[in-house]
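Colleague: got a structure for you, letters missing:
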RNA sequence: GGGCCGCUAGCUCAAUGGCAGAGCUGCGGACUUUUAAUCCGUAGGUUCAGGGUUCGAAUCCCUGGCGGCCCA
């Protein structure tokens, strides 16, 4: 065995982003030293662009950002696959949209009521807004614009000249039936981000043609190429609508390369060095594998470094799944959490690890972890891995992302807006009392986190888990109370005005059982007293919110207001 | 039927062939205060199973099991 001289240039405990950056920079230097390094994502705006698709963007974003931090030029391109065909009318859309099946997404009208000119723009817009908020800098490339402007003319003519080579490559992986376009594959396509994994690859009776025209009459892609003449570039096609014609590919701009050729063509065209893809591309015969062959054999390019990224799951989601008919989008997530937190979720897990994004109670824990991490990093006590994932989440090479000036715990904010039902005056009063030594002066200091917590409470937390202050007193329960319990309620009601502050009410609620036991107010709790206190609290909760537990009583009492408290306690 | 990924503490996950670790939960304690608040401490392990390689395996190889995703 030969002596091994293994040079380890990278630090051994670098995170995944750093390691990919090392790899990408090295590869880019081999290919074209000094040139801007291209990282890429591909998104199909065929429907809501969900949090799984966000991984398609965040993965190259983080790598490109690291490359920039190291002082290299890098660009992150997002290919909008808006020239793909409209596959299926999603649930909740007027069935008449079926007439548009087969048209490019940019030729399909947007869903009813949309302000956008077409289907693709309708779904791109919220994603673009979310990416801006997330600090993701990118150059968007509309494939509709590229194809219809003839930008890919040479590549298309080349692919047609090399169609036998392409066919041969595809044949290596074709399993059984040559024609296998299924009607149900758009769910699969919707579940990943890089395009249609299993789409018509161009095999037809007249031979193999990697180019598919959209019909010049009906705009749909129900076309079949019947002949192609290389010298004149004349291409003949028929359409299921009855139309047939011959066009010159040297001029024709209404069609596209089939997906498995389109993708590698763009790797070569843009010089992509890094582009991840969903796990569905990891099998033999997938477009990533096949593309790796085609990009070299046909387009003289190289396959990008392309990690497979795993599934992003969601936990929770009370209303959204039913009303929107699908998985939540980045915009949905940004309604309940700040951008750095969302970035963190994608940065801290390696691409091949699946993870879940919490829309349920777990979001409180996620936020707690984030706050602790923030504190540790600020104090300099975080370990290296945590520090780097924090850095990637909190800002980009351009600068830090906006933060909440007073980042009060999310669970506290959620609990407070739950009982104040978002009334600013009461919310401010309670927030002010949280830290009397340094009270906040305006709700704006707690924003945007406050608003996000409120949005979470109102849209994600099921009604039966929320605090619902009773409208009317529980007469039946009040009537059934014994003398001691009546007395306790009277003592509390009497003391309300005098103790109307967070601290005062705290003393009062713990004090009532002491008074009843004939003990002084500064008594240390005894086991008996503790039982009495607990019972007293349970009684109050039941009378106020119809349950035996709830938010801390002083907070709850403040939020409910003295008059209503007296009424609910029958005083 | 095929492919990919995963399986480590009750839960979510680290540990890139070299002493199995964190957070949360739990348990114990503190704060005149047992709540849906805060702080401190502490417990917790046959690393899915079996075999192999190695001085040494959570890590590499093989077989099997379970789970997720995808393709057919």
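Modeller: Good, I have the coordinates. A quick note: this is a predicted structure, and the numbers were derived from the prediction, not measured.

Colleague: which stretches of the stretch 1-150 of chain A have low pLDDT?
Modeller: Flagging of the stretch 1-150 of chain A using pLDDT under 70 yields the residue ranges A:1-14.

Colleague: for RNA strand B, what's its nearest residue on it.
Modeller: Here the residue of the stretch 1-150 of chain A nearest RNA strand B is residue A:19; by Cβ to the nearest atom of the strand that distance is 5.2 Å. C-betas here are computed from N, CA, C, even on glycine.

Colleague: so what's the backbone phi/psi at that residue?
Modeller: Residue A:19 has phi and psi values of phi -70, psi -40 when expressed as degrees, to the nearest 10.

Colleague: quick one: neighbours of it, just the number.
Modeller: By other Cβ atoms under 10 Å, 15 other residues sit near residue A:19.

Colleague: show me what contacts residue A:121?
Modeller: Counting by Cβ atoms under 8 Å, 6 or more residues apart in numbering, residue A:121 makes contact with A:45, A:82, A:106, A:110.

Colleague: now it: which helix or strand?
Modeller: helix A:119-133 (DSSP states H and E).

Colleague: cool, and residue A:360?
Modeller: Going by DSSP H and E, residue A:360 is not part of any helix or strand.

Colleague: quick one: it from residue A:448, how far?
Modeller: The span separating residue A:360 from residue A:448 equals 21 Å under the rule Cβ to Cβ, to the nearest Å.

Colleague: what's the closest non-adjacent residue to residue A:208?
Modeller: Closest residue to residue A:208 apart from its sequence neighbours, by Cβ to Cβ, 6 or more residues apart in numbering: residue A:167 at 3.8 Å.

Colleague: got the residues of the stretch 401-550 of chain A near RNA strand B?
Modeller: Selection of the stretch 401-550 of chain A residues close to RNA strand B by Cβ under 7 Å from any atom of the strand yields A:409, A:411-412, A:415, A:418, A:465-467, A:503, A:506-507, A:509-510, A:521-522, A:524-525, A:527, A:530-531, A:533-534, A:537, A:541, A:545, A:547, A:549-550.

Colleague: which among these end up buried?
Modeller: Judged by neighbour count, with 16 or more other Cβ atoms under 10 Å as the criterion, the buried members of these are A:412, A:415, A:418, A:467, A:506-507, A:509-510, A:533, A:537, A:541, A:545, A:550.

Colleague: can you redo those residues as CSV with secondary structure and pLDDT?
Modeller: Written out in CSV, the entries for these read as follows (DSSP: H, G, I helix; E, B strand; the rest coil; pLDDT from 0 to 100):
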residue, secondary structure, pLDDT
A:412, helix, 82
A:415, helix, 82
A:418, helix, 85
A:467, coil, 81
A:506, helix, 82
A:507, helix, 83
A:509, helix, 88
A:510, helix, 85
A:533, helix, 82
A:537, helix, 87
A:541, helix, 87
A:545, helix, 86
A:550, coil, 78
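
Colleague: turn the contacts of residue A:121 into CSV, including secondary structure, distance to residue A:162 and neighbour count.
Modeller: Written out in CSV, the entries for these read as follows (DSSP: H, G, I helix; E, B strand; the rest coil; distance: Cβ to Cβ, whole Å; neighbours: other Cβ atoms under 10 Å):
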residue, secondary structure, distance to residue A:162, neighbour count
A:45, coil, 30, 23
A:82, coil, 26, 27
A:106, helix, 28, 22
A:110, coil, 38, 16
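
Colleague: in those residues, find the pair that's most separated.
Modeller: When those are compared pair by pair using Cβ to Cβ, the two farthest from each other are A:82 and A:110, 12.2 Å apart.

Colleague: can you give me the pLDDT of the spatially closest residue to residue A:412 that is not a sequence neighbour?
Modeller: If you skip the residues right next to it in sequence, residue A:412 has residue A:434 as its closest partner in space, 7.3 Å away by Cβ to Cβ, 6+ apart. Per-residue confidence for residue A:434 comes out at a pLDDT of 70.

Colleague: report how many residues lie close to residue A:434.
Modeller: Residues contacting residue A:434 under the criterion other Cβ under 10 Å number 18.

Colleague: any idea which element residue A:518 lies in?
Modeller: With DSSP H and E as criterion, residue A:518 is part of no helix or strand.

Colleague: how deep is it tucked in, by neighbour count?
Modeller: Close neighbours of residue A:518, defined as other Cβ under 10 Å, add up to 7.

Colleague: in chain A, where is pLDDT below threshold?
Modeller: Under the criterion pLDDT under 70, the flagged ranges of chain A are A:1-14, A:174-201, A:204, A:282-284, A:316-326, A:435-437, A:522-525, A:527.

Colleague: secondary structure element holding the residue in the stretch 451-571 of chain A positioned nearest to RNA strand B?
Modeller: With Cβ to the nearest atom of the strand, the shortest gap between the stretch 451-571 of chain A and RNA strand B falls at residue A:530, namely 2.5 Å. Using DSSP H and E, the secondary-structure element containing residue A:530 is helix A:527-545.

Colleague: angle of the following helix or strand past that helix against helix A:527-545?
Modeller: Using DSSP H and E, the helix or strand that follows helix A:527-545 towards the C-terminus is helix A:553-560. In terms of direction (axes from the mean of the first three to the mean of the last three Cα atoms, to 10 degrees), helix A:553-560 departs from helix A:527-545 by 20 degrees.

Colleague: the closest residue to residue A:95 other than its chain neighbours: neighbour count?
Modeller: Counting by Cβ to Cβ, 6+ apart, residue A:95 lies nearest to residue A:89, which is 6.1 Å off, once chain neighbours are set aside. Neighbour count for residue A:89, taken as other Cβ under 10 Å: 17.

Colleague: likewise residue A:476?
Modeller: Residue A:476 is flanked by 7 other residues according to other Cβ under 10 Å.

Colleague: and the gap between it and residue A:560?
Modeller: From residue A:476 over to residue A:560 (counting by Cβ to Cβ), the distance is 20 Å.

Colleague: show me what contacts residue A:108?
Modeller: For residue A:108, the contacting residues are A:86, A:97, A:100, A:118-120, taking Cβ under 8 Å, 6+ apart as the criterion.
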